[in-house]
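Student: Sequence and predicted structure below; questions after.
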Amino acid sequence: MSALWIAHVTVTDADAYGKYAELAGPAIAAHGGTFIARGGRFVQLEGKERPRNVVAKFPSVEAAVDCYHSPEYQEALSHARGASERELMVVETSE
């Protein structure tokens, strides 16, 4: 089954986070991920609001987790640490 990578983000350093975004996209694509939503309009109904929300679809939970732990994504993530507050989860779809 496919999986969704769901991130809720507050950017605190736009320059450093921009470097993350530049590197993360290719790392995600290399693992079969495709973006469904990136920073678009949203309505917060419950919980902590984060101004940036990203959803990517992967072929499987394993592919999404492998992407996260890959050297390429970890390099990208090194730019997001200290430049953002984030929550990230992988959810298996019912497709």
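Tutor: Yep, that arrived.

Student: tell me, which helix in this structure spans the most residues?
Tutor: helix 14-30 (DSSP state H).

Student: Could you report the neighbour count for the closest residue to Asp15 other than its chain neighbours?
Tutor: Counting by CB to CB, 6 or more residues apart in numbering, Ala83 is the residue found nearest to Asp15 once chain neighbours are left out, at 7.9 Å. C-beta here means a position set from N, CA and C on the backbone, and glycine is covered the same way. When counting by other CB atoms under 10 Å, one arrives at 19 neighbours for Ala83.

Student: Give me the pLDDT for Arg81.
Tutor: For Arg81, the model assigns a pLDDT of 94.

Student: Okay, it and Asp15: tell me how far apart.
Tutor: According to CB to CB, to the nearest Å, Arg81 stands 14 Å off from Asp15.

Student: rewinding a little: does the residue nearest to Asp15 really touch Val11, like I thought?
Tutor: Yes: with contact defined as CB atoms under 8 Å, Ala83 reaches Val11; the gap is 6.8 Å.
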